[in-house]
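Colleague: pasting the sequence and the predicted model now:
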Amino acid sequence: FTLRITEKLNESNFHLWRQQVEPYINAHGLDDFLGSPIVPPRFLTATDHATATLNPAYRKWRQQDQMLLSWLQTTLSSDILARFLGSHTSQELW
């Protein structure tokens, strides 16, 4: 993500912020991460679970989700971001 958002989300600019953020998320095909994402299973088999071998589809999903989460965090004012400490997925933040 290289697009910089000119207005970080604060107490009074939600609609302006959302107007900037949503088209960018949609253009990158990441809107599914925010609604009701279909998360691939972390492990495919019991052996994978025992050896901590992650499902490649889960790894890809996690990588994309974490990239979106970190980008969304950069669009929030520090006061708003402080409210979402502990969000582990982009959906939790959204």
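Modeller: Done, it's in.
Colleague: return the helix or strand in the chain with minimum mean pLDDT.
Modeller: None of the helices or strands of the chain scores lower by mean pLDDT, DSSP states H and E than helix 14-27, at a mean of 95.
Colleague: list the contacts of the closest residue to L30 other than its chain neighbours.
Modeller: Nearest in space to L30, with sequence neighbours left out and distances taken as C-beta to C-beta, 6 or more residues apart in numbering, is L68 at 5.1 Å. In this view, the C-beta of every residue, glycine as well, is placed from N, C-alpha and C. Contacts for L68 (C-beta atoms under 8 Å, 6 or more residues apart in numbering) come out as I25, L30, F33, S90.
Colleague: quick one: which helix or strand includes L68?
Modeller: helix 56-74 (DSSP states H and E).
Colleague: for the helix or strand following that helix, buried residues please.
Modeller: On the C-terminal side of helix 56-74, the closest following helix or strand by DSSP H and E is helix 78-83. Within helix 78-83, the residues scored as buried using 16 or more other C-beta atoms under 10 Å are I80, L81.
Colleague: keeping just the C-alphas, turn helix 78-83 into CSV.
Modeller: Presented in CSV, the C-alpha positions along helix 78-83 are these (Å, rounded to 0.1, in the frame of the first residue of the first chain):
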residue,chain,number,x,y,z
SER,A,78,-3.4,8.2,17.7
ASP,A,79,-6.5,8.8,19.9
ILE,A,80,-8.6,6.5,17.7
LEU,A,81,-5.8,3.9,17.3
ALA,A,82,-5.4,3.7,21.1
ARG,A,83,-9.0,2.4,21.3
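Colleague: average pLDDT across it?
Modeller: Confidence for helix 78-83, expressed as mean pLDDT, is 97.
Colleague: can you give the contact residues for the helix or strand just after it?
Modeller: Next helix or strand after helix 78-83 toward the C-terminus (DSSP H and E): helix 90-93. The contact list for helix 90-93 (C-beta under 8 Å, 6+ apart) reads L30, F33, L34, G35, P37, D65, L68, L69, L72, Q73, F84, S87.
Colleague: centre of the chain to helix 90-93, how far?
Modeller: Offset of helix 90-93 from its chain centre (C-alpha atoms, centre = their mean, to the nearest Å): 6 Å.
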